[in-house]
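K.L.:
return a 3D structure for these sequence lines:
(2 chains)
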Amino acid sequence: MNDILEILMNDARTSADEIAKMTRKKVVDVKKAIKKYEEDGTIVQYKAIVNPEMVKEGRAPVRALIEVSILPQKDVGFDNVAERIYSFSEVKSCYLVSGSYDLLLIVEGENIQTVAEFVSSKLSPMENVRQTTTHFLLKKYKEDGKMFKVVSRPKRLNITY
Amino acid sequence: MEISKVVEELPPSGIRAFFDLVLGMKDVVSLGVGEPDFVTPWNIREKAIYSLEQGYTSYTSNKGMAELRQEIVRFLKWRFGITYDFDKEVLITVGVSEGLDLAVRTILNPGEKLMVPRPCYVSYGPLALLAGGTPVYIETDVKEGFKLTPEKILKAYVPGTRAIIINYPCNPTGTSYNKKELLALAKVIKKLDLLVLSDEVYDELTYDFNHTPFVTLPDMKERTIYFNGFSKAYAMTGFRLAWAAGPEKLIAGMTKIHQYTMLCAPITSQIAAIEALKNGAQDVQAMKKEYLRRRNFIVSALNEMGLTCHMPQGAFYAFPSIKKTGMSSMDFAKDLLEKEKVALVPGTAFSAHGESFVRISYASSFENLREAVIRIKRYLKNKKK
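P.N.:
Residues are numbered from 1 along each chain as shown, chains lettered A, B, ... in the order given. Sure, this is the predicted structure:
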């Protein structure tokens, strides 16, 4: 993958100046490239990965993985049905997958009832949706390569040959 | 109480006191560490844990487990096209440090000499002294990117010199050599009939060209002991595991000393190393990519601050000049530590000619490097006032 994108995907707060140094490019070229990525939709959004267990105030939303089996449609395959599903704001992620079902959704709601309500009143009754299986997420261990457990790593000595 | 004269007179040094100062201080941003900041990849650790659960806690053959030696031979064949007999030409050691010690003791008779290019890793000279020999130091020059040259070898040569240690990529300068430069060195080494102890423990961290093992050069395999280990490439420093490969007679001599002094390398580490060789390549590449970015960042930042720094081709060290501060490298290191809590190693630790240089290790998280750069910048700015 492109160096600039890889660095930003790992730490979106890396400055253009730092990226320029890391990749031996000119700062102005890095800035230009980032701007282009932002404009053409390569870079969609910058956001933080939050460990819900550490959020003190308010209650973290409930998330569920939902397996959805659908009937593909002539000419457009799964895309149209998928679009009807992922357009709901409750659907945070939507993937077409191989295997025993077709779409894998990550759905978010205030509590279990909200998510259950979404499934029973919006998702399941949809035309072409044959079957759904809902798995509520109980605990996050790792996301996007980051582990949530605070590991107290044995420290290296501060100075060695 | 008296101790042996040789040990009594071994360096160091004032450096020890500085190290103690650093180790006693809290909240230090450290650029002083000579080991990876990555933890050993999980598959390797998992294999070691499993072996303990299965009760693999015994001695192994003096030479090291046959499976590991076979795996090393297979790896060298695959990676560089080098062939070794796993039974006669390979020895598993406790770090390259042990391997070098064995080799120097195997080669040198009392009074014989070992050529040591500097700045270099701190143990090379003392190993010659401990073996009853004498180190002959060759001082490399920043103007030549701290590279050893055929001319320097010829100039330093004195009768009674048996061998030369070369280390590339180099700790502390990060200097490495392309094939053409190595061929020139090999030519003069052959002419002077020297043995070569080639410490290539940083070989996987070569950034600007492909690493060429010294034994792949014409006529060099029969006069070279090839050292490498698992510490740097696989972030396994604490496992203390390495290997030496070379001519049967030399390896047999080294094995003799090894069986009396070390018996064998720890079995847990040997089992972990097999896993590293079999399934470690992907992690090595990922770490290398990260080091390369950090190198580019830190070298660029140092030069921007006026601490001129040549571009190191490998390892994870930068070796900038601090001449413009007008301070000695020890005073600079101490003052920076006191005022900004940034730790680095004075160049004098690696050679008297390392004066005006410091070793900066970029085996540190990017956040750390970022913070260190801010602090050094501030230090230099305040100093100007």
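
K.L.:
what residue ranges in the stretch 251-385 of chain B score low on pLDDT?
P.N.:
Across the stretch 251-385 of chain B, no stretch falls below the confidence threshold (pLDDT under 70).

K.L.:
if we go to 90?
P.N.:
Counting by pLDDT under 90, the stretch 251-385 of chain B shows low-confidence ranges at B:283, B:352-353, B:383-385.

K.L.:
near chain A, which residues of it?
P.N.:
By CB under 8 Å from any CB of the partner chain, the part of the stretch 251-385 of chain B that sits against chain A consists of B:Arg293, B:Arg294, B:Asn296, B:Phe297, B:Ser300, B:Ala301, B:Ala343, B:Val345, B:Ala349, B:Phe366, B:Arg370. For glycine as for every other residue, the C-beta is placed from the backbone atoms N, C-alpha and C.

K.L.:
what about the fourth one, how many neighbours?
P.N.:
To tie it back to what came earlier, the one meant is B:Phe297. 24 (other CB atoms under 10 Å in any protein chain shown).

K.L.:
can you tell me the SS state at it?
P.N.:
The local conformation at B:Phe297, judged by DSSP: H, G, I helix; E, B strand; the rest coil, is helix.

K.L.:
wait, it sits on B:Leu369?
P.N.:
Yes - B:Phe297 is within contact range of B:Leu369, at 6.3 Å (criterion: CB atoms under 8 Å).

K.L.:
joint contacts of these two?
P.N.:
Residues within reach of B:Phe297 and of B:Leu369 at once, by CB atoms under 8 Å, 6 or more residues apart in numbering or on different chains, are B:Tyr362.

K.L.:
just to revisit the earlier point, determine which two of the residues of the stretch 251-385 of chain B next to chain A are furthest apart.
P.N.:
In these, the most distant members under the criterion CB to CB are B:Arg293 and B:Ala349, with 26.7 Å between them.

K.L.:
quick one: the helices in the stretch 251-385 of chain B?
P.N.:
Across the stretch 251-385 of chain B, reading from the start of the chain, the helices by DSSP state H, counting those that start in this stretch fall at B:267-279, B:281-304, B:329-340, B:366-384.

K.L.:
which of those sits most buried?
P.N.:
Per-stretch averages of neighbours, counted by mean count of other CB atoms under 10 Å in any protein chain shown, single out helix B:267-279 among the helices of the stretch 251-385 of chain B, with a mean of 21.

K.L.:
quick one: that one to chain centroid distance?
P.N.:
How far helix B:267-279 lies from its chain's middle: 21 Å, per CA atoms, centre = their mean, to the nearest Å.

K.L.:
and the strands in the stretch 101-250 of chain B?
P.N.:
If you assign secondary structure with DSSP state E, counting those that start in this stretch, the strands in the stretch 101-250 of chain B sit at B:113-118, B:134-139, B:161-167, B:195-199, B:224-229, B:242-245.

K.L.:
can you pull the buried residues of stretch B:17-36?
P.N.:
Within stretch B:17-36, the residues that qualify as buried by neighbour count (16 or more other CB atoms under 10 Å in any protein chain shown) are B:Phe18, B:Phe19, B:Val22, B:Val28, B:Val29, B:Ser30, B:Leu31, B:Gly32, B:Val33, B:Gly34, B:Glu35, B:Pro36.

K.L.:
from those, which land in helices?
P.N.:
Counting by DSSP state H, the part of the buried residues of stretch B:17-36 found in helices is B:Phe18, B:Phe19, B:Val22.

K.L.:
mind listing what's buried in stretch A:117-134?
P.N.:
Taking 16+ other CB under 10 Å as the basis for neighbour counts, the residues of stretch A:117-134 that come out buried are A:Phe118, A:Val119, A:Lys122, A:Leu123, A:Val129, A:Thr132, A:Thr134.

K.L.:
so which of those comes closest to chain B?
P.N.:
For these, the residue nearest chain B by CB to the nearest CB is A:Thr134; the value is 31.4 Å.

K.L.:
which element, helix or strand, includes that closest one?
P.N.:
Secondary-structure assignment from DSSP states H and E places A:Thr134 in strand A:129-136.

K.L.:
need the contact partners of that strand.
P.N.:
Counting contacts by CB under 8 Å, 6+ apart, the residues outside strand A:129-136 that touch it are A:62-71, A:81, A:85, A:101, A:112, A:115-116, A:119, A:123-124.

K.L.:
switch to 10 Å and redo it
P.N.:
Under the criterion CB atoms under 10 Å, 6 or more residues apart in numbering or on different chains, residues A:62-71, A:81, A:84-85, A:100-103, A:105, A:107, A:109, A:112, A:115-116, A:118-120, A:122-124, A:126 lie in contact with strand A:129-136.

K.L.:
gap between B:Asp199 and chain A?
P.N.:
Note on B:Asp199: its distance to chain A, by CB to the nearest CB, to the nearest Å, is 13 Å.

K.L.:
if you could redo that for B:Asn167, that was the one I meant.
P.N.:
12 Å.

K.L.:
give me the number of residues near that residue?
P.N.:
Residues within reach of B:Asn167, counting by other CB under 10 Å, total 26.

K.L.:
follow-up on the earlier one: could you dump the strands of the stretch 101-250 of chain B to a markdown table with mean pLDDT?
P.N.:
Rendered in a markdown table, the data for the strands of the stretch 101-250 of chain B read as follows (pLDDT from 0 to 100):
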| stretch | mean pLDDT |
| --- | --- |
| strand B:113-118 | 98 |
| strand B:134-139 | 97 |
| strand B:161-167 | 98 |
| strand B:195-199 | 98 |
| strand B:224-229 | 98 |
| strand B:242-245 | 98 |
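
K.L.:
okay if I get those as TSV plus distance to B:Leu102?
P.N.:
Putting the strands of the stretch 101-250 of chain B into TSV (distance: least, CB to CB, whole Å) gives the following:
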stretch	distance to B:Leu102
strand B:113-118	14
strand B:134-139	17
strand B:161-167	13
strand B:195-199	10
strand B:224-229	9
strand B:242-245	7
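
K.L.:
just checking the distance from the strand holding A:Thr134 to the centre of its chain.
P.N.:
Strand A:129-136 sits 19 Å away from the centroid of its parent chain (CA atoms, centre = their mean).

K.L.:
for the following helix or strand past that strand, packing partners?
P.N.:
Counting by DSSP H and E, the next helix or strand C-terminal to strand A:129-136 is strand A:142-143. Packed against strand A:142-143, as judged by 3 or more CB pairs under 10 Å, 6 or more residues apart in numbering or on different chains; DSSP states H and E, are no other helices or strands.

K.L.:
who touches strand A:142-143?
P.N.:
Residues from elsewhere that reach strand A:142-143 (CB under 10 Å, 6+ apart): A:Ile49, A:Val50, A:Asn51, A:Phe148, A:Lys149.

K.L.:
write out the residues of chain A neighbouring chain B.
P.N.:
For chain A, the residues found near chain B under the criterion CB under 10 Å from any CB of the partner chain are A:3, A:6-7, A:10-11, A:14-15, A:17-25, A:151, A:153-161.

K.L.:
if we can go back for a sec, what's the PyMOL syntax to select whichever of the contacts of strand A:129-136 are buried?
P.N.:
One line in PyMOL is enough to select the buried ones among the contacts of strand A:129-136; burial here means 16+ other CB under 10 Å:
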select buried, chain A and resi 62+63+64+66+67+68+70+81+84+85+101+102+103+105+107+109+115+118+119+122+123
